[in-house]
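Asks: Attaching a predicted model along with its sequence, questions to come.
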2 protein chains.
Amino acid sequence: MSGLDDASRGDERAALVAWSAIAEGSDEVASWLVEELGASGALAWVRNASADPVAATMRLAPLAQPAAIDKAVSAAEAWIARLDEADPGLLVRRAAAVGARVVTREDDEWPRCLDDLGSRAPYALWVRGNGSLGALLERSIAVVGSRASSAYGEHAAAEISGGVSDRGWCVVSGGAYGIDAAAHRAALTGPTPTVAVMAGGVDRLYPAGHTDLLRAVMERGAVFSEVPVGFAPHRSRFLARNRLIAAAAATCVVEAALRSGALNTVNHAVELGRAVGAVPGPVTSVSSQGCHRLIRDGVAVLVTDAGQVLELAGPIAADPVKAIGAGFGGPAQRAAFDAIAARGSRADEVARGAGLGIGEALAALAGLELEGKAQQKGGMWRRVNNATN
Amino acid sequence: MSGLDDASRGDERAALVAWSAIAEGSDEVASWLVEELGASGALAWVRNASADPVAATMRLAPLAQPAAIDKAVSAAEAWIARLDEADPGLLVRRAAAVGARVVTREDDEWPRCLDDLGSRAPYALWVRGNGSLGALLERSIAVVGSRASSAYGEHAAAEISGGVSDRGWCVVSGGAYGIDAAAHRAALTGPTPTVAVMAGGVDRLYPAGHTDLLRAVMERGAVFSEVPVGFAPHRSRFLARNRLIAAAAATCVVEAALRSGALNTVNHAVELGRAVGAVPGPVTSVSSQGCHRLIRDGVAVLVTDAGQVLELAGPIAADPVKAIGAGFGGPAQRAAFDAIAARGSRADEVARGAGLGIGEALAALAGLELEGKAQQKGGMWRRVNNATN
């Protein structure tokens, strides 16, 4: 599912990979163009826009008002300038050199929760780590907060993230200092892998002081970015990155000052229709002022523990028995079941996706087979259609 | 307005005084009877119920179902047993001996906010202190919380109560250890007097460890109870007492464990249609769990400072300029204006009601006169009718 071979799977996939290097995730003109023409069609249009702007304009005429078309034609200049660096083969080779793979919406590992971003969904994800990004993000909670966190906030982040992981849910955060780090660290001690989303390329683990932490995240989970390897983490990329974190099933803000960047993630979550929780703290602490404001304004629900955070992800998530075990012989079976891709998965893929050892995964799969929930043929495991999902 | 002479003002007033010794504030059968027959009529009915139960039953026949009447007739036995101790003259003399006065709904000093309790309004209030209870409670905020408070909670209570007092509002609380004491203490340092509500008679300042604190409260404010002097602070009286605290314009819970008595005050406030605020705290503190529950359940609004607490009392209270100064030459004038009783007040009464020194009060009254808001005749100050209230 990853590596150089994938790039040749089809024009569309290759074009999406190229677009991840051409346009920023926050570039709405590019998103519109890709949505209208397809990634590959949009790429062809850009290539032509330089040579024949009149033809390029006419191509869009049936699709938009003149003002919107003019915007696209002007934007094309900047995209064209990046075309040379946007060769999919080159990008994928560079990624492979640092152990990263690319995942597009054409791939099984694509996290379906990102589709809710609509035209703001990323073109491709650049991923490092042994976990299956799709399986992990499908059952994920964003735990975010201030870099300037207090000891109290870090403790609260750890309690909540540890509990989220214990209940079989993946903690997603931004890998930053403060609350993000406390969330990842606590999740690392739990049974469910954690995922960190970078603003720049995954070659450059950011911040540098978290290199070891992010390597630990990659061992069973993943570190990913929507920009290719080699791209710098600009400020606008941090803001755009936050929408990927907010695509988790729910977002929990642990500590945030009134102008904290964590509130930007909250705005994205609200736009996505995701529930937001905020952890209260002492009214004497500026680090809790943003949380208190969110609760007062009715944007966030006051949450005090992992159970209450999981309630935000829906009634099934909130009930650990139902969430982890409903109809299954335990959390490992449930996780293994969830990790079987629609087109089938090998046992090692299931193990990786479920965050299980291969032995645990085989035992879980055997259990699922016994219960008629999964079956194996030629080394490939498939779900049995009428099994409870 | 107080002392022995008041008892002879009328049968109704004397009967209300008697009822405060006969029935508990939580006795709904007595409240119903007093509502139906008037205090004096109800007292006559009780006296007769022992001698002629049949006549007593028939007297109520047009007013209620047989079951309700039977309840009243049975309850009458307990009331009759207390009649000897319920002589208004005796009660008022005993009160006067400890410097207490009695205030009934027939008196100008009656706090009108207690009328919102309807049939659960107290019969009479036994008051010690130099402040006018009516004027103080009309602009009051209940600040309540756990006896087992944390240093954080006491700090938050002090910040909020000090701010409430600074903005010209009276802090009402229960005089207990913990949050109550922190609230009273901070209010004592502010410009507006504070009021403590006792569960037992005001002869016995409770808890004994707060004798000095409660004496300080009485200097400009008041300590009051709905039970006469000599009555013990039973558990049921603490619960009934809480509804008097909750009659303030809004209630703020600073710290409360999940089963804190402060939550009983909150229930009363909600029943009265008063807004409730709760101060958040660390999720690691059991003393904040009750507050967090109230906020999560939508019973209370999260509040972090005095300004937000006063918002709960209404838009005018929230704006200190409007609250204290609207149309007035400053807070002293406003307070003096509010302290003028409907039937007129002497300057010393205004000073006491407004929590001002006599010199301050005279200056404020002179200002009101200049502005056509009040006028003086024969030593009595009266509001000018069309003045802004």
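Replies: Noted; the coordinates are in hand. Residues are numbered from 1 along each chain as shown, chains lettered A, B, ... in the order given.

Asks: How many residues are close by the closest residue to chain B within the stretch 1-150 of chain A?
Replies: Going by C-beta to the nearest C-beta, chain B is nearest to residue A:150 of the stretch 1-150 of chain A, at 9.8 Å. Heads up, the C-betas are built off the backbone N, CA and C, glycines and all. Applying other C-beta atoms under 10 Å in any protein chain shown, we find 20 residues neighbouring residue A:150.

Asks: Below-threshold pLDDT in the stretch 201-350 of chain A: ranges please.
Replies: By pLDDT under 70, the low-scoring segments of the stretch 201-350 of chain A are A:315-329.

Asks: how far away is the residue of it found nearest chain B from residue B:161?
Replies: Per C-beta to the nearest C-beta, residue A:280 is where the stretch 201-350 of chain A lies closest to chain B, at 3.3 Å. Going from residue A:280 to residue B:161 by C-beta to C-beta, to the nearest Å gives 20 Å.

Asks: what about these two, which has more around it?
Replies: Legend: neighbour count by other C-beta under 10 Å for residue A:280 and residue B:161, higher for residue B:161 (32 against 28).

Asks: C-alpha coordinates for the longest helix seen in chain A, CSV please?
Replies: Using DSSP state H to define each element, chain A has its longest helix at helix A:28-51. Listed next in CSV are the C-alpha coordinates belonging to helix A:28-51 (Å, rounded to 0.1, in the frame of the first residue of the first chain):
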residue,chain,number,x,y,z
GLU,A,28,-9.2,26.9,-1.7
VAL,A,29,-8.8,27.7,-5.4
ALA,A,30,-6.7,24.6,-5.9
SER,A,31,-9.1,22.5,-3.9
TRP,A,32,-12.0,23.8,-6.1
LEU,A,33,-10.0,23.0,-9.3
VAL,A,34,-9.2,19.5,-8.1
GLU,A,35,-12.7,18.9,-7.1
GLU,A,36,-14.1,20.1,-10.5
LEU,A,37,-11.5,18.5,-12.8
GLY,A,38,-10.1,15.6,-10.7
ALA,A,39,-6.5,15.8,-9.5
SER,A,40,-5.2,14.6,-12.8
GLY,A,41,-7.4,16.8,-14.9
ALA,A,42,-6.5,19.8,-12.7
LEU,A,43,-2.8,19.0,-13.2
ALA,A,44,-3.2,18.9,-16.9
TRP,A,45,-5.1,22.2,-16.8
VAL,A,46,-2.2,23.8,-14.8
ARG,A,47,0.4,22.6,-17.3
ASN,A,48,-1.7,24.1,-20.1
ALA,A,49,-2.5,27.4,-18.3
SER,A,50,1.0,28.6,-18.8
ALA,A,51,1.2,27.7,-22.5
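
Asks: ok now that helix, how far from the chain's centre?
Replies: The chain centroid and the centroid of helix A:28-51 are separated by 24 Å under C-alpha atoms, centre = their mean, to the nearest Å.

Asks: Heading C-terminal from it, find the next helix or strand.
Replies: Next helix or strand after helix A:28-51 toward the C-terminus (DSSP states H and E): helix A:53-60.

Asks: Which strands or helices does that following helix pack on?
Replies: Applying 3 or more C-beta pairs under 8 Å, 6 or more residues apart in numbering or on different chains; DSSP states H and E, one finds that helix A:53-60 contacts helix A:28-51, helix A:66-82.

Asks: Next, the buried residues of the shortest one.
Replies: Just to be clear, that refers to helix A:66-82. Applying a neighbour-count criterion of 16 or more other C-beta atoms under 10 Å in any protein chain shown, one finds A:69, A:71, A:72, A:73, A:75, A:76, A:79, A:80 buried in helix A:66-82.

Asks: Show me what the mean pLDDT comes to for it.
Replies: For helix A:66-82, mean pLDDT rounds to 90.

Asks: any idea of the mean pLDDT in the following helix or strand past that helix?
Replies: Helices and strands here follow DSSP H and E; after helix A:66-82, the next one along the chain is helix A:88-97. Per-residue pLDDT over helix A:88-97 has a mean of 97.

Asks: what's the spacing between helix A:88-97 and its chain's center?
Replies: For helix A:88-97, the distance to the chain centre is 20 Å (C-alpha atoms, centre = their mean).

Asks: Now for residue A:191: which residues touch it?
Replies: Contacts of residue A:191 were listed using C-beta atoms under 8 Å, 6 or more residues apart in numbering or on different chains, and they are A:165, A:166, A:168, A:331, A:355.

Asks: Count the residues that sit near the closest residue to residue A:162 other than its chain neighbours.
Replies: Among residues not flanking residue A:162 along the chain, residue A:186 sits closest, at 4.2 Å (C-beta to C-beta, 6 or more residues apart in numbering or on different chains). By the criterion of other C-beta under 10 Å, residue A:186 has 24 neighbours.

Asks: likewise the one 10 residues further on?
Replies: Taking other C-beta under 10 Å as the neighbour definition, residue A:196 ends up with a count of 31.

Asks: so what's it up against?
Replies: With C-beta under 8 Å, 6+ apart, residue A:196 has these contacts: A:172, A:173, A:174, A:175, A:180, A:184, A:214, A:217, A:221, A:222, A:223, A:224.

Asks: Out of those residues, flag the one nearest to residue B:349.
Replies: Closest to residue B:349 out of these is residue A:180 (62.4 Å), distances taken as C-beta to C-beta.

Asks: wait, that closest one sits on residue A:172?
Replies: No - using C-beta atoms under 8 Å, residue A:180 is not in contact with residue A:172; the gap is 9.8 Å.

Asks: shared neighbours of the two, which are they?
Replies: Jointly contacting residue A:180 and residue A:172 under the rule C-beta under 8 Å, 6+ apart are A:143, A:196.

Asks: So which bits of the stretch 101-250 of chain A are right by chain B?
Replies: A:152, A:155, A:156, A:159 (C-beta under 8 Å from any C-beta of the partner chain).
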